[in-house]
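Trainee: Sequence first, then the predicted structure, then my questions.
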Amino acid sequence: MATQVNDRIDVRISTEQKELFRRASVISGFKNLTEFVVHCVYKESKSLLVEESQILKNEEDKRIFFNALLNPPSPNARLKQARLNYLKIKGEHENDDLQIKKVSQEG
């Protein structure tokens, strides 16, 4: 599937940079310099966005997270109720699964 080209970016670079990029594009097997530059910028952009979306971005985040794991707070009333609701729903689904299995074995 071809990508529709409908926008443009103009970039000023040194002769040395252009030659470096051109040589890298050739040894990487790209058809032309533009294809190589677009590929590299796209790949780096995706990587940066993934990194930015990480939950534990710095040491303080990691400290807070691991402290919560090692010293969890006691469950409050809402959490206890959520657990009971979950167990009730899970039990109902297990009963459904047993009935389906029983019917399929009889049929």
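Mentor: Yep, that arrived. From a predicted model like this one, the values you see are computed outputs, not experimental measurements.
Trainee: Which residues belonging to the helix or strand hosting E19 are considered buried?
Mentor: Element membership for E19 (DSSP states H and E) is helix 15-28. By 16 or more other CB atoms under 10 Å, the buried positions in helix 15-28 come out as S25. Any C-beta I mention is one placed from the backbone N, CA and C, and that applies to glycine too.
Trainee: Report how many residues lie close to the closest residue to R22 other than its chain neighbours.
Mentor: Among residues not flanking R22 along the chain, L33 sits closest, at 5.3 Å (CB to CB, 6 or more residues apart in numbering). Using other CB atoms under 10 Å, L33 is surrounded by 15 other residues.
Trainee: which regions of the protein sit below the pLDDT cut-off?
Mentor: Counting by pLDDT under 70, the chain shows low-confidence ranges at 1-2, 95-107.
Trainee: now do 90
Mentor: The chain contains residues with pLDDT under 90 at 1-7, 51-58, 89-107.
Trainee: contacting residues around R83?
Mentor: Residues in contact with R83, defined by CB atoms under 8 Å, 6 or more residues apart in numbering, are P75.
Trainee: Alright, that wraps it up for me.
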